[in-house]
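# Turn this into a model:
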Amino acid sequence: MAAHEGDPVRVCVERSGLEVPVDELAALRRDDELFRSGLAGFDEVDLSQADATFDVMRPYPDGIGEATASPPRRTERVDAARGTGREPVTLTEAGEALAEGRCTSTELTERLLERIARLDRRLGAFVTVDAAGAVRQAEEADRDIGRRRRRGALHGVPIAIKDVIDVEGLPTVANSRLRLGRPPEPHDAVVVRRLREAGAVVLGKTTTYEFAAGLPDEDAGFPHPRHPWNDEHSPLGSSTGMSIAIVAGLAFGGLGTDTGGSVRAPAAATGHTGLKCTYGALSNRGVVALAPSLDVVGPMARSARDCAYLLDAMSAARDGPVAGGMGAVARLDATRGNLSGTRIGVPVPWFYDHPHCSAESLDATQRALDAMADLGAAVDRVDLRGSGLAATCNHVIVVSEALARHRADLARSWALYGSHTRVTIARGALVSAPDLVRAQRFRSVYAQWVGELLHRYDVLVTPTTAAAAPPLRTLSASERLEAPSFTSPWNLAGLPAVAIPAGFSASGLPLSVQIVGRPFAEGTVLAVADAYQRITDWHLRGPRLG
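The predicted model follows:
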């Protein structure tokens, strides 16, 4: 030990039983410096009265999730997704076309399978396509619909599932060489089973970052996800393949997972809607864990209404008050795009004044806020302390829990992990026990601060990311750690948050806005998003791929 007294990073790594090559130790040293800088914020926070346990409900003793807006005016707005005479683009349109007999599930499924076969070699959205199984499911859906046994909006609609979520009959590889050769899963994850019960057709499994961590590794032999608008930029992750499939027209929607932004970041980068649900709102049974105290499953699709249909299907047998005691679709129908009486808070610190914020992202967010005000919402600038520290604490918890899960495998099989993934997870060795406890205690403090705001406001609105999708050449594990995360504070607080498209950069890349709500108020969050999408068409735009 004495030989390494001047190298605390190496000491920490070796105490964890890891043998890390010299060049990767250098990367961890840089990461340690960033950690220390981020955790300096603890010096400005009184944690003496903080609880080390986290309860998403604690800051909301007076009830949660109920709509506080005044009753909507009976106004009519033209839905930008309707009346175009084209083939279905959204999940909602696909369900309506099936209900009205304008197409069959088999026709929709075969059309998407043809697009996957033609386009996905260069897009890298799917790791496994179950063509024969999807056609069988579609044919069964057609028989049921023909017999007037339609189960709802999802019946016969083709979707996809991120490859960290179990699908019966397909292996869950999680983009890792450690899981190659696994047999097909004998059961669906609970959320997949509920979507099947609603009649959805599962096309296959979509690509992800390895174990939902790190970055893609081109040497690992898996499909490499490419940005559908510009393949020189990153589609972000880790629910990357699901995002690409939606925007490229390879699936009408599906499921991702979100631990620090893995649903919302790729949705923002590629230009569709992605919902991070309240922590604990949906079952994680059958989902490969990254950080169990933060992991959530989230619906991903073109529109807020699409996500509402997916959420309601997964919440059908819920144990808690998902969607605020009212189905998410019912909430959208009740508000009908009218935001009269809705109170929106705009938390300026960190989210709007960070030096990495691009003018384009801020302008897009302001235009979205102006549109929401035109729909009747009251918009106020508000102060929220500690969001930068919240992002750091979220990462501290993620890497600590990930290392606890992977330490033995990393010690035995370091080289089998992707280069980005192993360094990311090894950061957990740099987290001391006091730092982890302080991060957990700050979690309850930050949730309290946010809770105080959400007693006064129905939702908070921020940019989803500081800028449009970054160039691939600028990406590294350390650079991702240095960039601000506008998504992970809401994971730390356990709150629902939806990313929605809000325009394009000058270089033609999507920009996005994030809407955050009270615990289990997914319906309210989606209703605000839906109102905006009724008067805009950013969520319907897609790249020309042939």
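# Please, where are all the helices along the stretch 401-546 of the chain?
Under the criterion DSSP state H, counting those that start in this stretch, the stretch 401-546 of the chain contains helices at 419-426, 433-454, 477-482, 488-493, 522-534.
# show me where the stretch 251-400 of the chain has helices.
Counting by DSSP H, counting those that start in this stretch, the stretch 251-400 of the chain has these helices, from start to end: 264-270, 304-314, 328-335, 359-374, 387-413.
# Deepest-packed of these, please.
With neighbours defined as mean count of other C-beta atoms under 10 Å, the helices of the stretch 251-400 of the chain peak in mean count at helix 264-270, which reaches a mean of 32. Placement of C-beta: from N, CA and C, glycine included.
# Centre of the chain to that helix, how far?
For helix 264-270, the gap between its own C-alpha mean and the chain's C-alpha mean amounts to 8 Å (C-alpha atoms, centre = their mean, to the nearest Å).
# by contact count, what packs against it?
helix 240-247, strand 273-276, strand 497-504, strand 510-517 (3 or more C-beta pairs under 8 Å, 6 or more residues apart in numbering; DSSP states H and E).
# what is the mean pLDDT for the second one?
Mean pLDDT, strand 273-276: 98.
# Can you list the strands that that strand pairs with?
Strand 273-276 has these partner strands in its sheet, going by DSSP bridges: strand 296-301 (antiparallel), strand 497-504 (antiparallel).
# Nearest to Trp490, out of the ones you listed?
Between Trp490 and the strands paired with strand 273-276, the shortest separation by C-beta to C-beta is 4.4 Å, and it involves strand 497-504.
# still on that earlier bit, and the helices of the stretch 401-546 of the chain, which one's lowest on average pLDDT?
Per-segment mean pLDDT for the helices of the stretch 401-546 of the chain reaches its minimum on helix 477-482, at a mean of 64.
# Could you list which residues are in contact with the nearest residue to Pro223 once chain neighbours are set aside?
Here the nearest residue to Pro223 in space, its sequence neighbours aside, is Gly124; by C-beta to C-beta, 6 or more residues apart in numbering that works out to 3.9 Å. Taking C-beta atoms under 8 Å, 6 or more residues apart in numbering as the contact definition, Gly124 lies against 207, 223-226, 241, 244.
# 6 Å instead, please
Listed by C-beta atoms under 6 Å, 6 or more residues apart in numbering, the contact partners of Gly124 are 207, 223-226.
# For Leu170, what are phi and psi?
When quoted as degrees, to the nearest 10, the phi and psi of Leu170 stand at phi -120, psi 140.
# okay, now it: neighbour count?
21 (other C-beta atoms under 10 Å).
# can you pull the contacts of it?
By C-beta under 6 Å, 6+ apart, the residues touching Leu170 are 128, 184, 205.
# roughly how far apart are Lys205 and Thr104?
24 Å (C-beta to C-beta, to the nearest Å).
# Give me the more crowded residue out of the two.
Neighbour comparison, Lys205 and Thr104: the larger count goes to Lys205, with 28 against 18 (by other C-beta under 10 Å).
# That one belongs to a helix?
No - with DSSP: H, G, I helix; E, B strand; the rest coil as the criterion, Lys205 is assigned strand and is not in a helix.
# And what about Ala94, helix, strand or coil?
Following three-state DSSP, Ala94 is assigned to helix.
# Go ahead and confirm it touches Arg86.
No - Ala94 lies out of contact with Arg86 (C-beta atoms under 6 Å); the separation is 12.0 Å.
# re the thing from before, ok, which of the helices and strands packed on helix 264-270 comes nearest Ala529?
If you check each of the helices and strands packed on helix 264-270 against Ala529 by C-beta to C-beta, strand 497-504 wins as the nearest, at 4.8 Å.
# Report the helix or strand with the lowest average pLDDT across this structure.
Of the helices and strands making up the chain, the lowest-confidence element is helix 477-482, at a mean of 64, by mean pLDDT, DSSP states H and E.
# Sketch out the strands for the stretch 1-150 of the chain, chain order is fine.
126-129 (DSSP state E, counting those that start in this stretch).
# picking that back up, out of the helices and strands packed on helix 264-270, the one nearest Pro543 is which?
helix 240-247 (6.9 Å).
# Which pLDDT value belongs to Val201?
Reported pLDDT at Val201 in the predicted model: 98.
# just the contacts of Leu170 now: which is nearest His155?
When the contacts of Leu170 are compared for distance to His155 (C-beta to C-beta), Lys205 comes out closest, at 21.5 Å.
# still on that earlier bit, same list (the helices and strands packed on helix 264-270) but as CSV, adding distance to Pro543 and mean neighbour count.
Conversion of the helices and strands packed on helix 264-270 to CSV gives the following (distance: least, C-beta to C-beta, whole Å; neighbours: other C-beta atoms under 10 Å):
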stretch, distance to Pro543, mean neighbour count
helix 240-247, 7, 33
strand 273-276, 17, 32
strand 497-504, 11, 27
strand 510-517, 10, 28
